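S.K.: one predicted model, sequence on top.
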Amino acid sequence: MDPNTNLEEQRRIAARLLADRQRSTHSREVDAVQDAIRLAELVQALDEWITRGGFLPSEWSKPR
């Protein structure tokens, strides 16, 4: 698992879900459910990766 790719996909899905939350069509609702499931999978995978000692995504490990 690449944590950087994971984080990028999480951000894309979250943005898409938030941008489309006003649309209320059956098709969009089905897409939103699929996006939400995928986002949950990504969050869980990244959590497991980090918990087991994997490195943080580069965006999260930059000095401030």
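M.R.: In hand now; what should we look at? Numbering: from 1, shown residues only.
S.K.: and the residue most central in space within the chain, what helix or strand is that in?
M.R.: The centroid of the chain falls nearest to residue 10 when counting by CA atoms, centre = their mean (1.8 Å). Residue 10 belongs to helix 3-19 when assigned by DSSP states H and E.
S.K.: contact partners of that helix?
M.R.: Where contact means CB atoms under 8 Å, 6 or more residues apart in numbering, the residues beyond helix 3-19 that reach it are 32, 35-36, 38-39, 42-43, 45-46, 49-50, 54-60. Using the backbone N, CA and C atoms, a C-beta is placed for each residue, glycine as well.
S.K.: 7 Å instead, please
M.R.: Helix 3-19 has contacts (CB atoms under 7 Å, 6 or more residues apart in numbering) with 32, 35-36, 38-39, 42-43, 45-46, 49, 54-59.
S.K.: what's the answer for stretch 29-37, then?
M.R.: With CB under 7 Å, 6+ apart, stretch 29-37 has contacts from 13, 16, 17, 20.
S.K.: one more: stretch 46-55?
M.R.: Under CB under 7 Å, 6+ apart, the answer for stretch 46-55 is 1, 3, 6, 7, 56.
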